[in-house]
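K.L.:
based on what follows, work out the 3D shape:
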Amino acid sequence: MQNFKEDFDSLVGKTSLSDGVDRRGFLKTALGTGFAAAVLPVSAQNVVKTDTAGLTAGEVSITVNGQKVPVYRAQPEGKTNLPVVLVISEIFGVHEHIADVARRFAKLGYLALAPDLFIRQGNPLTYTSIPELQKDIISKVPDAQVMGDLDALVAYAKDNGGNTDKLGITGFCWGGRITWLYAAHNPKVKAGVAWYGRLVGDKTALAPAHPVDIGASLKTPVLGLYGGKDAGIPLDSVEKMKAELAKGGSKSEFVVFPNSGHAFHADYRPSFVEADAKEGWKRCTEWFKTHGVA
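P.N.:
Numbering: from 1, shown residues only. Alright, predicted model coming up:
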């Protein structure tokens, strides 16, 4: 496995819009290509493209209770007994950026798996409005369904070249919240890294608990990477989470980047902050190494 302190720039290269994206669009059929209509126009000058040299990468699928769940898989070619990282998307699904993150992990020696957790509710790529996407798809996804899909994905990893004794999870925005919850759900998870995931919220039948509700009992160390200027995740919610984690003596930690808002890692969006994205990536990979995922 490569040195985890290897510079971010040596793993990825910047490009203009890749051949997985057209300027009108996003209507690509392969998992991990294109961008959601709701985030267009893409900030093409910052888009990172990680190649597949030395990797096996592309779509596979698992079946959960009769439902085929597509998964973007990336791993070193011909390797087995690999540490496993689950890569959980934002509300936009497994689009080009999430697939690229999976390839970045694969370049570091991981079996990286990014599942389409919205497959039963719809296709996020086709929505031009974030509020409509939230209402029509995201609000209808049960946490229990997500936990079950991820459990099945871990079983797949174990049977397909992954060492699930070295299991990590990372996620962005919606996926950041799921990272906290799955770290509490599955004791096999060695470590998690949550990028600006919501910590508090109203309890519903589909979302009966939020990260703050499981903080006191959380045993798995989770690193929270958050933006100090994130209007949607105020710092008081970070402080509430810290207080809950402290009750149980958790080894989880937060890093707040004071000059960043939400989605500072999203290189395809205007919210991208390159310096903080690089620092966050460094801290993410080192966190996994420290806590037995690498």
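
K.L.:
hey, let's count contacts and neighbours off CA atoms from now on
P.N.:
OK.

K.L.:
mind checking the SS state of Gly32?
P.N.:
coil (DSSP: H, G, I helix; E, B strand; the rest coil).

K.L.:
Gly215 now?
P.N.:
Per three-state DSSP, the secondary structure class of Gly215 is helix.

K.L.:
could you do Gly197 as well?
P.N.:
Classification of Gly197 using three-state DSSP returns coil.

K.L.:
which residue, other than its chain neighbours, is closest to it?
P.N.:
Sequence neighbours aside, Gly176 is the residue nearest to Gly197 in space, at 3.8 Å (criterion: Cα to Cα, 6 or more residues apart in numbering).

K.L.:
tell me where the stretch 151-294 of the chain has helices.
P.N.:
Ranges of helices in the stretch 151-294 of the chain, per DSSP state H, counting those that start in this stretch, are 174-185, 211-214, 235-247, 274-290.

K.L.:
for the longest one, give me every contacting residue.
P.N.:
Spelled out, it's helix 274-290. 4-5, 8, 168, 191-193, 223, 225, 257, 260, 264-265, 267, 294 (Cα atoms under 8 Å, 6 or more residues apart in numbering).

K.L.:
of the residues you listed, keep whichever come out buried.
P.N.:
4, 168, 191-193, 223, 225, 257, 260, 264-265, 267, 294 (16 or more other Cα atoms under 10 Å).

K.L.:
after the least confident helix or strand in the chain by mean pLDDT comes which helix or strand?
P.N.:
In the chain, the helix or strand scored least confidently by mean pLDDT, DSSP states H and E is strand 13-14, which has a mean of 38. Following strand 13-14 in sequence order, the next helix or strand is strand 48-49 (DSSP states H and E).

K.L.:
what residue ranges in the stretch 1-150 of the chain score low on pLDDT?
P.N.:
For the stretch 1-150 of the chain, the stretches flagged by pLDDT under 70 are 1-29.
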